[in-house]
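Engineer: model the structure of this input:
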Amino acid sequence: MNATTGLTDSKPLAAAALDAGASRPAPELTVVIPTYNECANVPLLVERLKRSLAGVEWEAIFVDDNSRDGTAAAARAIGETDSRVRCIRRIGRRGLSGACIEGMLASQARYVAVMDADLQHDESALVAMLEKLRGGNFDLVVASRHLSGGSDEVFSAWRQKISRGSSEIARRVLGVSLSDPMSGFFMLKRDEFEAAAPQLSSQGFKILVDLVASARGKLRVAEVPYVFRERQHGESKLDARVALDFLALIVAKLTNDMVSFRFLMFCAVGLTGIGIHLALLQASAMEGLTFGQAQAIATVGAIAWNFLLNNALTYHDQRLTGWSFVTGLIRFELICSVGAISNVGIASWIYDYDSDWWIAGIGGAIMGAVWNYLVSSAIVWKQR
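Structural biologist: Presented below is the predicted three-dimensional model:
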């Protein structure tokens, strides 16, 4: 009490309010929502979560890959008046799996869920998933389109075939025994995720397959049906690169993460560069250029081709644009020029010890490819 005014001092009250806020326990459930250009869907999804999760202590973490349409700002605007809504904005990093991993690692809830922001996942299924985890008999609950009561009829016939074919590959090759292993809608105990996180890939789109395959049968899994809905706003992010990401995941898990699919892609691109090199060499020679001139043009052209293809495919999640594209091309040309010199040097050294020309050639090519890959990853396509 203030002796002069007879009023209660506001400072102790403010401190008490801060103390009360600081002691608030973590929510029971964190819903992680990876986003890229989903601005219009964010407020709609939050309202649906409020209705579906009434009576549950929950929070939503939007993990945004630096959307151009203001998705992060939309999530933060809601968070200014509702502390249950948070946003992680990622700069220089792309990919659904990586976004999911970062969001789940930012949670302190007992349970974490992953769902899309496009409103195609039925948020009412979260309650059924949560109840199964609360029972203590399961570690992971997957929302499935392929159980009785579920559906993916909004997909075209072609999309349905791709989805079911990928699911069959995951079941047969990786032993993932789920009715819908390609689902992006699931919930699990956070401590189980924390244990699995070091084995998960931050690349690609199918984190559920990665999670279950990495667990090697240790997770107790349940499924609940849901009906896949029409997208409300924005455009689908699925394209041909998803197939590459899925193939990368298959290779990684089959080799116990010993073989980098990105390196295999880098080498495959290099093989196409050989064809470009020979074509340019022939075309330049036909124009009357000396062999040295033709070889120089073919080499520069082939390296440029490799850069374009690697930028579009091998490093699509770190794709260079604008001025970074130009400087990246220059760096790649220089790196590969050094790689070509090392290729010749290593091959000559091997040939001195073994006169089989093909062994020397392969050895030089491998060393050149490894040099180009490692240095390019560190300098050209480094995480920005």
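
Engineer: how about stretch 281-294: buried residues?
Structural biologist: For stretch 281-294, the neighbour count (16 or more other CB atoms under 10 Å) marks 281, 284-285, 294 as buried. Yep, even glycine has a C-beta here, placed from its N, CA and C like the rest.

Engineer: which residues touch it?
Structural biologist: 280, 295, 297-298 (CB atoms under 8 Å, 6 or more residues apart in numbering).

Engineer: list the buried residues for stretch 26-40?
Structural biologist: Result for stretch 26-40 [16+ other CB under 10 Å]: buried residues 27-40.

Engineer: JSON lines for those, including pLDDT?
Structural biologist: As requested, the buried residues of stretch 26-40 are exported to JSON lines (pLDDT from 0 to 100):
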{"residue": "27", "pLDDT": "95"}
{"residue": "28", "pLDDT": "97"}
{"residue": "29", "pLDDT": "97"}
{"residue": "30", "pLDDT": "97"}
{"residue": "31", "pLDDT": "97"}
{"residue": "32", "pLDDT": "97"}
{"residue": "33", "pLDDT": "95"}
{"residue": "34", "pLDDT": "93"}
{"residue": "35", "pLDDT": "93"}
{"residue": "36", "pLDDT": "90"}
{"residue": "37", "pLDDT": "90"}
{"residue": "38", "pLDDT": "91"}
{"residue": "39", "pLDDT": "93"}
{"residue": "40", "pLDDT": "92"}
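
Engineer: closest to residue 130 among those residues?
Structural biologist: The closest of the buried residues of stretch 26-40 to residue 130 turns out to be residue 29 (CB to CB; 6.2 Å).

Engineer: please name the bridge partners of the closest one.
Structural biologist: Assessed by DSSP bridges, residue 29 has beta-bridge partners residue 58, residue 111.

Engineer: surely it and residue 56 touch.
Structural biologist: Yes. Look at residue 29 against residue 56 with CB atoms under 8 Å: they come within range, at 6.0 Å.

Engineer: which neighbours do those two share?
Structural biologist: In contact with both residue 29 and residue 56: residue 130, using CB under 8 Å, 6+ apart.

Engineer: tell me how far the closest residue to residue 140 other than its chain neighbours lies from residue 221.
Structural biologist: In space, and not counting its chain neighbours, residue 140 is closest to residue 188: 4.2 Å by CB to CB, 6 or more residues apart in numbering. Going from residue 188 to residue 221 by CB to CB, to the nearest Å gives 9 Å.

Engineer: strands of the stretch 51-200 of the chain, start to end?
Structural biologist: 58-64, 85-89, 111-114, 140-144, 186-189 (DSSP state E, counting those that start in this stretch).

Engineer: now tabulate those strands in JSON lines and tack on distance to residue 50 and mean neighbour count.
Structural biologist: Converted to JSON lines, the strands of the stretch 51-200 of the chain look like this (distance: least, CB to CB, whole Å; neighbours: other CB atoms under 10 Å):
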{"stretch": "strand 58-64", "distance to residue 50": "9", "mean neighbour count": "26"}
{"stretch": "strand 85-89", "distance to residue 50": "10", "mean neighbour count": "20"}
{"stretch": "strand 111-114", "distance to residue 50": "15", "mean neighbour count": "27"}
{"stretch": "strand 140-144", "distance to residue 50": "19", "mean neighbour count": "26"}
{"stretch": "strand 186-189", "distance to residue 50": "18", "mean neighbour count": "24"}
